[in-house]
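*Asks:* predicted model and sequence follow; I will ask about them next.
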Amino acid sequence: DEQEFFKRESTIKAPKTNKIIQTPFPPPQSDRTEDFDIDIEQLKQLAKQEAGPLIIERYSPSEKQIDYVLSTITLTFNQPMIAVSSVDDKMNTEDLGISLTPKIEGQWRWTGTKTLQFEAKHRLPYATKYTLRVDKEHCVSAIE
């Protein structure tokens, strides 16, 4: 009983480039298509239509019982709320219509264009019910 040794199929060779075409960068004016005129207002309208109504996508902590120490509260909206350049700026939550009761010592900050985070100075006490209110009249997306 002699059998031929099993050989696997040969591996496909990696593709090779065929030609290298040198092109100047930026391309000469004659090769460029017409300039694209961007109307900011039209762009905002399109973005607003795509995004739909402003809603809170996520929040933490959730309504379920928490079994660990908390020191942050996070809200994430479905649309950008501030310009990218404003992420590090100090902000006033009253301008956004956001209030947290009972009042806690701490600071609100943007961690992105859509996510707002409250960092408490001290951990949040257990057995306390907190209410976070977002007023739709004042809370406006950056694309509106």
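*Replies:* Received it, and whenever you're ready, just let me know what you need.

*Asks:* buried residues in the longest helix seen in the chain?
*Replies:* In the chain, taking DSSP state H as the definition, the longest helix is helix 40-51. For helix 40-51, burial by neighbour count (16 or more other CB atoms under 10 Å) applies to A51. (C-beta placed from N, C-alpha, C; glycine too.)

*Asks:* so where is this protein shaky, pLDDT-wise?
*Replies:* 1, 31-38, 65-67, 87-93, 143-144 (pLDDT under 70).

*Asks:* re earlier: right, and the helix or strand after the longest helix of the chain?
*Replies:* strand 56-60 (DSSP states H and E).

*Asks:* remind me what the next helix or strand after that following strand packs against, helices and strands.
*Replies:* Toward the C-terminus, strand 56-60 is succeeded by strand 72-77 as the next helix or strand (DSSP H and E). In terms of contacts (3 or more CB pairs under 8 Å, 6 or more residues apart in numbering; DSSP states H and E), strand 72-77 is packed against strand 56-60, strand 115-120, strand 131-134.
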